[in-house]
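Trainee: Show me how the following folds:
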Amino acid sequence: MIEKFRYSKLARAASALACIGLASCAVGPDFAPPPAPATPRFTPEQTASPGGGQHFREGAEAPAQWWRAFRSERLNRLIDAALAQNPTIEAADAAIRVAQFNSDAATGTFLPQIGLSSNSSYIYSSGASTTTTVTQTAYSFFTKQVTVSFTPDVWGGNRRLVESLDAETEVARYQKRAAHLTLAANVAKAAIEEASLRAQIVVTQRLIDIQQERLLLVERQLAGGAIAEADVLLQQTALAQTRQTLPPLETRLAQTRNLLTALAGLYPVDEVSETFELSGLALPRDLPLSLPSQVVEQRPDIKAAEAQIHAAGARIGVALAARLPNIVLTANGGSSALQIARLFAPGTNYYTLAGNIAQPLFDGMTLLNKQRAAEAGFDQAEAQYRATVVNAFQNVADSLRALQGDAQNVRHARAAENAAKKYLAKIRLQQKLGAVSQLAVVDAQRAYLASSLIRVQSEALRFTNTVALFTALGGGGW
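Mentor: You can find the predicted model right below:
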């Protein structure tokens, strides 16, 4: 009963010390989120709405599922499938679990460490001796022992370590959100690229049909002696040159389809069933224009950089605590006997209590330099955070400028295409009347093709820059 009371008293003392250690203050800087930039806007002057059917809603947050603003069920299905199947997201999930388990493992240092050992030995030894005989003895020895050790977290080094690992877990979570945002944006951009290529192929094929029709006409005129052979050769050259532009477009379309399939987490042989055309995508009309302070809270890369500052600051506390006195409490208790049946019998029990305080005196400035390295890492994390914010604001400003220019480009491109189409029709009519040469017809055909392709590319670029704005604001990442 006496020994049992002593063990119970020891356990209560260790628990009390654990509580004291957990309640003590932790050395090192306490984390405070960086203040939001004081700038009220992203561009030097007030941002005007782009026009052309689009306008900005200042102060609005980017929606989490921003891609639904394009009102395409095919795009929605493909992005949902990519978010569910892409290996990048699976890797991000695993990274979160790794960080969380490391943090959970570090919390074990807050509790006493208990170990159980058992030792059994058979000993055959020499005893007393005379000039003629030697006395030898054989016996067994059995020991069962429980060891308890505890290191009070007096300076908070362990808590700072757990704090740092928790911050690393936050980094992994924000990186997953960034992966979500990037993946959705890549799928949307690839879908827009596919739609643009399909439209360019249609335009090119339409011009090939016009040129083929024109070639048949000039060949009949040549047979009737109305024109020279040079006019036929000129039209054949124009037709061949237009046909030459078609295979690269078809190659790019096939490669874009492969990209969409890969983004969905599939192999190229398992090509996705969704196809995209510009007519199947609706240009979002109401565009959010978040405040700079909102972007700081929405962008996952900014939040990840903020969590890195938190982790770096906690590591300073870990390095500083390592330079201070360290206390270790240990207790051993058990029983030993020459016969296993007598274990735990009266008189066979024992225990020891020990306390140790260690203070580094000279280590070649190793611990000091580790602390300085942690402080430099904190400065690095702060600088990287500022760089991330600057880059994010640049992304937003670039997207705003691009959308303003896109509205004008689309308007001019459509006007140019209409003018080129009318000009081609008039030139073809004049050539039938003999008023212009075949060269003028070929030039008009080329101008029509170029203006049509520019119109398609301008419309697609406007869709792409709309995606870029949602991404720059952190849509879907928060």
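
Trainee: quick one: average confidence on stretch 280-289?
Mentor: Taken as a whole, stretch 280-289 carries a mean pLDDT of 94.

Trainee: Hmm, I typed the wrong one, I wanted stretch 147-162.
Mentor: Throughout stretch 147-162, pLDDT has a mean value of 91.

Trainee: Renumber starting at 135 from here on
Mentor: Happy to do that; since the first residue is 135 now, the last one works out to stretch 281-296.

Trainee: For it, measure first residue to last.
Mentor: As for stretch 281-296, its first-to-last residue distance stands at 25 Å under the measure Cα to Cα, to the nearest Å.

Trainee: buried sites along that stretch?
Mentor: 282-296 (16 or more other Cβ atoms under 10 Å). All C-beta atoms are positioned from the backbone trio N, CA, C, and that covers glycine.

Trainee: swap in stretch 494-512?
Mentor: By neighbour count with 16+ other Cβ under 10 Å, stretch 494-512 contains the buried residues 501, 504-505, 508-509, 511-512.

Trainee: quick one: which of those is nearest to residue 570?
Mentor: Taking Cβ to Cβ as the measure, residue 570 sits nearest to residue 511 out of the buried residues of stretch 494-512, at 73.8 Å.

Trainee: Between which two of the buried residues of stretch 494-512 is the distance greatest?
Mentor: Maximum pairwise distance in the buried residues of stretch 494-512, criterion Cβ to Cβ, is 16.9 Å, between 501 and 512.

Trainee: thinking residue 175 is in contact with residue 426, fair?
Mentor: Yes - distance between residue 175 and residue 426: 7.2 Å, which falls inside the contact criterion (Cβ atoms under 8 Å).

Trainee: Name the SS class of residue 251, please.
Mentor: With DSSP: H, G, I helix; E, B strand; the rest coil as the basis, the three-state label of residue 251 is strand.

Trainee: Tell me how many other residues crowd it.
Mentor: Under the neighbour criterion other Cβ atoms under 10 Å, residue 251 is assigned a count of 11.

Trainee: contacting residues for residue 493?
Mentor: With contact set as Cβ atoms under 8 Å, 6 or more residues apart in numbering, residue 493 has these partners: 458-460.

Trainee: Buried only: go through these for me.
Mentor: Buried members of those, counted by 16+ other Cβ under 10 Å: residue 460.

Trainee: Adding distance to residue 381, write the contacts of residue 493 out as JSON lines.
Mentor: Listed next are these as JSON lines, based on distance: Cβ to Cβ, whole Å:
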{"residue": "458", "distance to residue 381": "72"}
{"residue": "459", "distance to residue 381": "76"}
{"residue": "460", "distance to residue 381": "73"}
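
Trainee: among the contacts of residue 493, which are in helices?
Mentor: For the contacts of residue 493, membership in helices holds for none, with DSSP state H as the criterion.

Trainee: Which ones among the contacts of residue 493 lie within strands?
Mentor: Of the positions in these, residue 460 sit in strands, assigned by DSSP state E.

Trainee: Could you measure from residue 367 over to residue 389?
Mentor: Counting by Cβ to Cβ, to the nearest Å, the gap from residue 367 to residue 389 is 35 Å.

Trainee: thinking again about what came up before, between which two of the buried residues of stretch 281-296 is the distance greatest?
Mentor: 282 and 294 (24.7 Å).

Trainee: hang on, the earlier thing: looking at the buried residues of stretch 281-296, which is nearest residue 525?
Mentor: Within those, the smallest distance to residue 525 is 29.8 Å, found for residue 294 (Cβ to Cβ).

Trainee: Low-confidence bits of the stretch 235-384 of the chain, can you list those?
Mentor: Within the stretch 235-384 of the chain, the stretches with pLDDT under 70 are 260-270, 273.

Trainee: just the helices in it please.
Mentor: Taking DSSP state H, counting those that start in this stretch as the test, the helices found in the stretch 235-384 of the chain are 291-357, 363-378, 380-397.

Trainee: how many degrees apart are the shortest one and helix 291-357 in direction?
Mentor: Between helix 363-378 and helix 291-357, the angle formed by their directions is 160 degrees, by axes from the mean of the first three to the mean of the last three Cα atoms, to 10 degrees.

Trainee: got the buried residues for helix 363-378?
Mentor: Of the residues in helix 363-378, those buried under the neighbour-count criterion (16+ other Cβ under 10 Å) are 365-366, 368-369, 372-373, 376.

Trainee: Pretty sure residue 174 sits in a strand.
Mentor: No - applying three-state DSSP, one finds residue 174 to be coil, outside a strand.

Trainee: quick one: it and residue 425, what's the gap?
Mentor: Counting by Cβ to Cβ, the gap between residue 174 and residue 425 amounts to 8 Å.

Trainee: Tell me which of these two has more neighbours.
Mentor: Counted by other Cβ under 10 Å, residue 174 and residue 425 do not tie: residue 425 has more neighbours, with 17 against 9.

Trainee: which residue packs closest to that one, ignoring adjacent ones?
Mentor: residue 193 (5.8 Å; Cβ to Cβ, 6 or more residues apart in numbering).

Trainee: In contact with the one you found, which residues?
Mentor: By Cβ under 8 Å, 6+ apart, the contact list for residue 193 reads 423-425, 428.
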